[in-house]
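>>> what's the 3D shape of this:
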Amino acid sequence: MMMKFVQDTPSQRVVFGSGSLAQLAEEVARLGLSRVLVVATPGHGARLAALASDLLGSSCAGVHAQAVVHVPRAVAEAGIAEAARAGADGVVAMGGGAAIGLAKAIAIASNLPIVAVPTTYSGSEASPIAGTTDGERKITVRDPKALPKTIIYDPDLTLGLPPAVSAASGLNAIAHAVEGLWIAERTPISCAMATEAMRLFADALPKVVADGNDRDARAACLSASWLCGIVLTSGTALHHKLAHVLGGLGMPHAETHSIILPHVTRFNLDAAPDAHERLCDTLETNDPAHALGVMLSLFPIPQALREVGLPRDKIGFVAAEAAKLNIAAPRSASEAEIRGILEAAY
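Below is the predicted model:
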């Protein structure tokens, strides 16, 4: 069949390198901002936010270290209110997916530009996709306002990342790349990025889990996560839809992606020969789903959905919700088939 695609790459400035956090104030000023709200998670995130505040000086309108994974509606509303109270003209997101997710919610509601400083491998900073949770449901939107204007990648900020966080966020990013190889919206550019990201992660992620101070491997993982985030912009399919439904039930985001990845991959690859070939090449295997499962098993993170708190009696609900989305690429998935994937991952 003749190739047919649309490539729509949003504009975004990326500053990458060891010590690049020092350029934060310069990058904020470059956007014409003078009162930015720094958002982060509590604890370690709050300490990073304080560092950002010091670097920003009078350009910092305040620190809001209340980000929570999946961005519950109340958390989003509190962040939006704080940005308004502070008179912020922009948002600096310091941290991983939770901090960046909150910054996106604020940006969408308040039309404020974002400068993202990622400290994990979620890749969210490179995508205009944003999500919040309301009760047991996760609501995702695609909005240009959610795409950070500038990303500052400083591998030094990831040196203290614990092995479990490195592993889970890395596998989360790998899920973006794997799914990007079989979505209907894939393009030659997105597939090339996904393939390169997989090559980088396959080599570097085990290294940073074993030795968090491996600077070259940390930089490679951060570069790969950026590529994965761009790939995510192209579109999503069964894997991400399942993860979002599970996220609405409070399952941890990165760990959930990690657990279901080998199982969704096994289900889809027979219908995705190009993805199969690329993954065999980058993972140096004849069975990519098995290789991803082995990678998961070697990392110090939960291995099954029961370990992250999914009640077995919710499997039917998750399968029904995902089946309603009528996913067709690279193959359709019935409610019974989705239930089978979840049972295998349980």
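
>>> quick one: contacts for the nearest residue to residue 189 once chain neighbours are set aside?
Among residues not flanking residue 189 along the chain, residue 7 sits closest, at 5.6 Å (Cβ to Cβ, 6 or more residues apart in numbering). The C-beta positions use only the backbone N, C-alpha and C, and glycine is treated the same way. Residue 7 is in contact with 187, 189, 190, counting by Cβ atoms under 8 Å, 6 or more residues apart in numbering.

>>> how about JSON lines for those, with secondary structure added?
Output for the contacts of residue 7, formatted as JSON lines (DSSP: H, G, I helix; E, B strand; the rest coil):
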{"residue": "187", "secondary structure": "coil"}
{"residue": "189", "secondary structure": "helix"}
{"residue": "190", "secondary structure": "helix"}
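
>>> from these, pick the one nearest residue 140.
Looking at the contacts of residue 7 and their distance to residue 140, the nearest is residue 190, at 18.8 Å (Cβ to Cβ).

>>> that closest one reaches residue 180, doesn't it?
Yes. Contact criterion Cβ atoms under 8 Å: residue 190 and residue 180 qualify, at 5.5 Å.

>>> shared neighbours, these two?
In contact with both residue 190 and residue 180: 231, 234, using Cβ under 8 Å, 6+ apart.

>>> quick revisit: of the contacts of residue 7, buried ones?
187, 190 (16 or more other Cβ atoms under 10 Å).

>>> now stretch 105-125: average pLDDT?
Model confidence over stretch 105-125, given as mean pLDDT, is 97.

>>> list the buried residues in it.
105-110, 112-125.

>>> restricted to strands, list those residues.
Residues of those located in strands (DSSP state E): 114, 115, 116, 117, 118.

>>> quick check: buried residues in the lowest-mean-pLDDT helix or strand in the chain?
The weakest-scoring helix or strand in the chain, judged by mean pLDDT, DSSP states H and E, is strand 137-142 (a mean of 89). Within strand 137-142, the residues scored as buried using 16+ other Cβ under 10 Å are residue 138.

>>> the nearest residue to residue 21 once chain neighbours are set aside: neighbour count?
Excluding the flanking residues, the one nearest residue 21 by Cβ to Cβ, 6+ apart is residue 154, at 4.4 Å. Neighbour count of residue 154, defined by other Cβ atoms under 10 Å: 23.

>>> what's residue 154 sitting at in phi/psi?
Dihedral pair for residue 154: phi -120, psi 100, per degrees, to the nearest 10.

>>> that one against residue 17, yeah?
Yes. Assessed by Cβ under 8 Å, residue 154 is found in contact with residue 17 at 7.2 Å.

>>> now the strands: where do they sit in this protein?
13-16, 36-39, 60-64, 90-95, 114-118, 129-134, 137-142, 150-153.

>>> and the gap between the closest residue to residue 185 other than its chain neighbours and residue 142?
Nearest non-adjacent residue to residue 185, counting by Cβ to Cβ, 6+ apart: residue 235, 3.7 Å away. Here residue 235 is placed at a distance of 10 Å from residue 142 (Cβ to Cβ, to the nearest Å).

>>> likewise for residue 327?
17 Å.

>>> just residue 321 next, same as before
Going from residue 321 to residue 142 by Cβ to Cβ gives 19 Å.

>>> quick one: residues contacting the closest residue to residue 265 other than its chain neighbours.
Among residues not flanking residue 265 along the chain, residue 289 sits closest, at 4.3 Å (Cβ to Cβ, 6+ apart). Residues in contact with residue 289 (Cβ under 8 Å, 6+ apart) are 262, 263, 265, 266, 269.
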